[in-house]
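> Got a predicted structure plus its sequence, pasted below:
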Amino acid sequence: MPAFVPSLSVILAFAIAAFVLAITPGPDMALQLSRAVNYGRAHGIATAAGAMSGIAVHTSLVALGISVLIVAAPAAFLVLKIAGAVYLLWLAYQAIVHGGGLRLAAKAKRTPSLKESYLTGIGINLLNPKVVLFFLTFLPQFVDRADPAAPQKLFFLGGEFIVVSVPLAVAGVFGAQWLAAQFSKSKWVERALNWSFAGVFTAFAATILFAQGHGR
């Protein structure tokens, strides 16, 4: 077995952990579902692809040791928290005022390009310090820091996380479209869903602001 491949027991244990974490609601999932309902499956998939790209960046930062500097420096971590919270609050504002939350595609005032949805997915992922903390504290637990191949194994596990997350994200996007079809004739439900997602984004913004840089 190549040096960069962890043992089978580690691969299976991390797959289970990745599955549990992937199905746990978070800003990425909320944005993917809202984009799918708002603009269609392609935009939900594009947003999910952006989030997966963000995961690749986080994995690279952990493997190269850069994330340690971000979290260890209070000023840098504070800037990251504020930027992430502001971005989520902006999404909440979009959901309420411009129908950017769960307004159906046929009623949306403007349809973004797939590139915009992709970049939004990257942004919501990279600006979430909770993701930084997860990859900084959780991912390294599955490798021996004294192992010369530890950086390569971190990349492998980051790729495994993406492989586990992709089908779950796709299933969520398709489920969101089904939800849109069921409620497409209800104005009240549309408003309730938009306000619900605005509340979710706001709650995540508050959670991000209280993320502890040194907590484990």
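In hand now; what should we look at?
> Okay, buried residues for stretch 44-53 please.
44-53 (16 or more other Cβ atoms under 10 Å). (C-beta placed from N, C-alpha, C; glycine too.)
> Which helix or strand in this protein has the lowest average pLDDT?
helix 66-72 (a mean of 70; mean pLDDT, DSSP states H and E).
> For residue 3, which non-adjacent residue is closest in space?
Nearest non-adjacent residue to residue 3, counting by Cβ to Cβ, 6 or more residues apart in numbering: residue 149, 4.2 Å away.
> right, I mislabeled it, should have said residue 119
Nearest to residue 119 is residue 50, by Cβ to Cβ, 6+ apart, at 6.2 Å.
> check contacts around the one you found.
Contact partners of residue 50, counting by Cβ atoms under 8 Å, 6 or more residues apart in numbering, are 117-125.
> run the last query once more with 7 Å
Contacts of residue 50 were listed using Cβ atoms under 7 Å, 6 or more residues apart in numbering, and they are 118-122, 125.
> Check which helices and strands the helix or strand harbouring residue 92 is in contact with.
For residue 92, the enclosing helix or strand under DSSP states H and E is helix 74-97. Helix 74-97 is packed against helix 66-72, helix 129-137, helix 187-209, with contacts defined by 3 or more Cβ pairs under 7 Å, 6 or more residues apart in numbering; DSSP states H and E.
> so how far is it from its chain's centroid?
How far helix 74-97 lies from its chain's middle: 14 Å, per Cα atoms, centre = their mean, to the nearest Å.
> Please apply the same query to stretch 52-63.
So, by Cα atoms, centre = their mean, the centroid of stretch 52-63 is 12 Å from its chain's centroid.
> Can you tell me what sits against it?
67, 122, 125-126, 131-132, 135-136, 139-140, 151, 154-155, 158, 161-162, 165-166.
> burial count for residue 148?
Residues lying near residue 148 (other Cβ atoms under 10 Å) number 8.
> Check whether it sits in a helix, strand or coil.
Secondary structure assignment for residue 148 (DSSP: H, G, I helix; E, B strand; the rest coil): coil.
> Look up phi and psi at it.
Backbone geometry at residue 148, expressed as degrees, to the nearest 10, gives phi -60, psi -30.
> So for this protein, which residue is the most central one in space?
By Cα atoms, centre = their mean, the chain has its centre lying nearest to residue 28, at 3.1 Å.
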